[in-house]
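Asker: Build me a model from this:
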Amino acid sequence: MSKISIDYHDSYLISISTDIKDRTIEIICTDGKNNSTLRFLGVKQSEFNSFTIGNIILDIELISGKSLTDSIVDDPSFVGLLGVSKDSPYFAKIIKEIKDESLIYISISTSYGCYGDIICEKVEEYPTGKWNPWENAEILKQ
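Answerer: Got it, this is the predicted structure:
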């Protein structure tokens with residue numbers, strides 16, 4: 001199972017990009033001092049909502065294997081992410097693959113702004129350098 005090493009609590013989600021051909025999503029976060037990039041590979045499903053100015057992350061949770069509980073599977077946001085009914089073969093296939101740890105369910109919860117869910121094969125994490133507010137001053141003013 002993929003793991004992340006950085007605590008993203010109270011970090012800002014500053015960018016989301018997708019590559020449909022490669023089935024990849026990248027998000028860039030900053031804690032105000034350092035940036036980091038999370039890359040989600042082999043994306044099967046994703047949904048992000050309420051992206052706005054000042055997206056503050058509460059938590060990023062990676063779920064697979066035994067950590068996929070019935071309460072998560074029954075959650076309307078999880079069911080909605082898959083876009084099919086709970087009794088469909090596709091739903092059962094995705095649940096099996098998450099429990100077998102060949103897929104990961106990622107839940108990005110928010111203190112403010114954007115939140116999202118992803119189902120993918122792998123997560124990679126990269127520290128990407130210092131945050132320079134002067135370099136980004138024009139973005140922050142808008």
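Asker: only C-alpha atoms for contact and neighbour calcs from this point on.
Answerer: Fine.
Asker: so where is this structure shaky, pLDDT-wise?
Answerer: Within the chain, the segments meeting pLDDT under 70 span 1-2, 130-142.
Asker: Find the nearest non-adjacent residue to residue 124, please.
Answerer: The shortest distance from residue 124 to any non-neighbouring residue, by CA to CA, 6 or more residues apart in numbering, is to residue 39 (5.0 Å).
Asker: helices or strands next to the helix or strand containing the one you found in the packing?
Answerer: Counting by DSSP states H and E, the element that carries residue 39 is strand 34-41. The contact analysis (3 or more CA pairs under 8 Å, 6 or more residues apart in numbering; DSSP states H and E) places strand 34-41 against strand 24-30, strand 122-130.
Asker: if you set the cut-off to 10 Å instead, what comes out?
Answerer: strand 12-19, strand 24-30, strand 115-120, strand 122-130 (3 or more CA pairs under 10 Å, 6 or more residues apart in numbering; DSSP states H and E).
Asker: Check these for me and report the most buried one.
Answerer: The highest mean neighbour count among these, using mean count of other CA atoms under 10 Å, belongs to strand 115-120: a mean of 22.
Asker: Give the pairing partners of it; include direction for each.
Answerer: Paired neighbours of strand 115-120 in the sheet (DSSP bridges): strand 45-49 (antiparallel), strand 104-112 (antiparallel).
Asker: hmm, back to that, adding distance to residue 82, write the helices and strands packed on strand 34-41 out as CSV.
Answerer: CSV is the format used below for those (distance: least, CA to CA, whole Å):
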stretch, distance to residue 82
strand 12-19, 18
strand 24-30, 17
strand 115-120, 9
strand 122-130, 18
